[in-house]
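J.: Return a 3D structure for these sequence lines:
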Amino acid sequence: MRVAIIHYWLLRMRGGEKVVESLCRLLPEADLFTLFYNPAGVSATIRSHRVTASFLNPARAFYRALLPLAPLALEQFDLRGYDLVISSESGPAKGVLVSSAARHVCYCHSPMRYLWEQYPDYSREWVSRWKRPWIAPVAHWLRLWDYATAARVDEFLANSDNVRNRIRRAWGREARVIHPPVAVETFYSRPAEDYFLIVGELVRYKRVDLAVRLFSRTGRKLRIAGEGPEYRRLRRLASANVEFCGHVSDDQLRELYARCRALVMPGEEDFGLTAVEAMASGKAVIALGRGGVPEIVPEGGGFFFQQPLEEDLAGAVASFERREPALSSGVLISAAARFSESEFHRKMREALRLPAAQSATDE
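T.: Prediction:
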């Protein structure tokens, strides 16, 4: 069986790319197709596969601005001869053209946020004023294309109940939930030091500015691991007690998790991979009570606030501090175990109708 995996862009290792990496281990002979590809930014596992990038790749430094050309680029991929096509969707990926004999399964991290539920924020607040006049017509056309291409998919898999509901609203399709894989066995717990932690790409929808303003005002120590377009703006908002760690290695990240007091997640997450990583490190999660995170954090390990406001986040932090001495790291570590890669592979084999021998690992 010939297998193709389509991922919107392979530029750095984030949550979606880690799912692709796990699929590569499950399907060692699969070929990869992507709009933009930076070999230096991805893992050796991904690089070991044959990767085909689109004609847009020479301009990958401007990948966000080239989104309107993504439909054209995706439809240029030659997928003749493949029996199974797996699209990894969060940006455009499912819009590829496959033969009638092939089966197309879409693993959806989320329908494109900037076209659907977060479109009002993007179009009115999160883009510069000079871009706003052409955002509406381009987004309208992309929504029509995005909705139409859902019909090209035979089966949807969602990374959470939250995303399953988004798929139903955006595309009118049902989906099976398979949580993404986390290397939970590689994380560990250490006695907490005096800092809270944020992990992730610094983009507007994650609302990191909410935490930066609060922690700068209260003087609590906050460390932020990640890079992104919001980096400079957030640095301007921060006081000396907020430390920007930038890009960190996997080993450094595990150490940050192991020694933090708690993970802070101010924005709505599709699933909440960093929440699982924190739990695997025995650490509690302070998060906006929307999206995928409330699904995965066990009772007593999550401290949720309902509105993305400083005073609401402050209340959740205060609640955590009152209960911090009684928290059990063991309960959190046990809860994280159900998101292991072996569990992901088991469920994906079933969904993709693969024999056990199709995996690169003998689990």
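J.: C-alpha only now, for contacts and for neighbours.
T.: Noted.
J.: Which neighbouring elements make contact with the particular helix or strand that has Ile167 in it?
T.: Using DSSP states H and E, Ile167 sits within helix 161-171. Contact partners of helix 161-171 among helices and strands, from 3 or more CA pairs under 8 Å, 6 or more residues apart in numbering; DSSP states H and E: strand 175-177.
J.: Quick one: mean pLDDT for whichever helix or strand comes after the strand it packs on?
T.: Next in sequence after strand 175-177, counting helices and strands by DSSP H and E, comes strand 196-199. Mean pLDDT, taken over the full extent of strand 196-199, equals 98.
J.: same question, stretch 97-109
T.: 96.
J.: In that stretch, which residues are buried?
T.: By neighbour count on 16 or more other CA atoms under 10 Å, the buried set for stretch 97-109 is 97-98, 102-109.
J.: Any idea how far it is from the middle of the chain?
T.: Offset of stretch 97-109 from its chain centre (CA atoms, centre = their mean, to the nearest Å): 21 Å.
J.: quick one: contacts of that stretch?
T.: 16, 74-75, 77, 79-80, 82-90, 94, 152-159, 163, 270-271, 352 (CA atoms under 8 Å, 6 or more residues apart in numbering).
J.: which of these count as buried?
T.: Using 16+ other CA under 10 Å, the buried ones in these are 16, 74-75, 77, 79, 82-90, 94, 152-153, 155-159, 163, 270-271.
J.: tell me the domain ranges of this protein?
T.: Following the assignment in automatic domain parsing, the chain carries domains at 3-181+341-358, 184-339.
J.: Cross the contacts of stretch 97-109 against strands and list the overlap.
T.: 84-89, 155-158 (DSSP state E).
J.: Can you show me the CA trace of stretch 177-192 as CSV?
T.: The C-alpha trace of stretch 177-192 is given here as CSV (Å, rounded to 0.1, in the frame of the first residue of the first chain):
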residue,chain,number,x,y,z
VAL,A,177,-11.7,11.6,18.1
ILE,A,178,-8.1,10.3,18.4
HIS,A,179,-6.0,12.4,20.7
PRO,A,180,-2.5,13.3,19.4
PRO,A,181,0.6,11.5,20.7
VAL,A,182,2.8,12.9,23.4
ALA,A,183,6.2,11.4,24.4
VAL,A,184,5.0,11.3,28.0
GLU,A,185,7.6,8.8,29.1
THR,A,186,10.4,11.4,28.4
PHE,A,187,9.1,13.9,31.0
TYR,A,188,9.9,13.9,34.7
SER,A,189,9.1,15.8,37.8
ARG,A,190,11.4,17.8,40.1
PRO,A,191,10.8,20.0,43.1
ALA,A,192,9.2,23.3,42.0
